[in-house]
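Q: sequence and predicted structure are below.
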Amino acid sequence: MAPSRPYVAIVGSGAATGVLYEKAREVGRLVAERGGIVVCGGLSGVMEAAARGAMEGGGTTIGILPDEDRGRANGYLSLSVASGMGQARNLAVVCSGDVVVAVGGEYGTLSEVGLALKVGRPVVSLGSWDLGDHVVVAAAPREAVGAAFGLLGV
């Protein structure tokens with residue numbers, strides 16, 4: 001059964017700017033407009049952009065932070081969780097989502113994609129890691145969000 005308010009984990013580069021930032025922001029906004037809840041790592045870059053877009057779209061955002069200091073969270077979170085787990089918090093981020101959308105990113109994002117697949121979460125890649133049949137590759141934010149909700153049957 002599909003969740004009534006899907007949690008969409010949005011992962012990607014912590015240093016995103018320009019076009020990548022705007023793509024992540026649009027993904028967050030589109031998720032919120034469809035009634036989804038955005039889960040992210042709570043810091044800067046793609047995480048901030050997705051949370052910002054979701055807030056601008058009237059949505060709810062949850063950030064799972066790597067350390068013990070909620071003061072480091074970006075300003076676009078409805079709720080923040082200080083995990084104290086460092087990079088291991090990547091598992092908490094992907095497990096909290098019903099689906100994962102990767103926007104850009106480097107090896108930290110690759111770890112999140114791998115963990116998501118390991119625990120059975122579907123993954124959509126928007127300018128991120130293309131792992132063949134294991135992920136759905138999208139060319140634009142609207143396509144990525146459509147694929148994410150489609151994978152959940154909503």
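A: Received, thanks.

Q: so the nearest residue to G84 once chain neighbours are set aside: helix, strand or coil?
A: Leaving aside its chain neighbours, G84 sits nearest to E68 (4.6 Å; criterion: Cβ to Cβ, 6 or more residues apart in numbering). Using the backbone N, CA and C atoms, a C-beta is placed for each residue, glycine as well. The three-state assignment at E68 reads coil, by DSSP: H, G, I helix; E, B strand; the rest coil.

Q: burial of E68, as a residue count?
A: 11 (other Cβ atoms under 10 Å).

Q: run a quick neighbour tally on Y21.
A: What Y21 shows, counting by other Cβ under 10 Å, is a neighbour count of 23.

Q: list the contacts of it.
A: For Y21, the contacting residues are G45, V46, E48, A49, taking Cβ atoms under 8 Å, 6 or more residues apart in numbering as the criterion.

Q: do the same with G105
A: G105 neighbours (Cβ under 8 Å, 6+ apart): V11, G12, S13, V46, E112, S128, W129.

Q: how about G28?
A: 10, 38, 49-57, 59, 61.

Q: and the pLDDT for the residue lying closest to it once chain neighbours are set aside?
A: Nearest residue to G28, sequence neighbours excluded (Cβ to Cβ, 6+ apart): G53, at 3.0 Å. On pLDDT, G53 comes in at 98.

Q: any idea which element G53 lies in?
A: Element membership for G53 (DSSP states H and E) is helix 46-56.

Q: mind giving me the packing neighbours of that helix?
A: Helix 46-56 is packed against strand 7-12, helix 18-33, strand 37-40, strand 61-65, with contacts defined by 3 or more Cβ pairs under 8 Å, 6 or more residues apart in numbering; DSSP states H and E.

Q: switch the cut-off to 10 Å
A: strand 7-12, helix 18-33, strand 37-40, strand 61-65, strand 99-103 (3 or more Cβ pairs under 10 Å, 6 or more residues apart in numbering; DSSP states H and E).

Q: now that helix: buried residues?
A: V46, M47, E48, A49, A50, A51, R52, G53, A54, M55 (16 or more other Cβ atoms under 10 Å).
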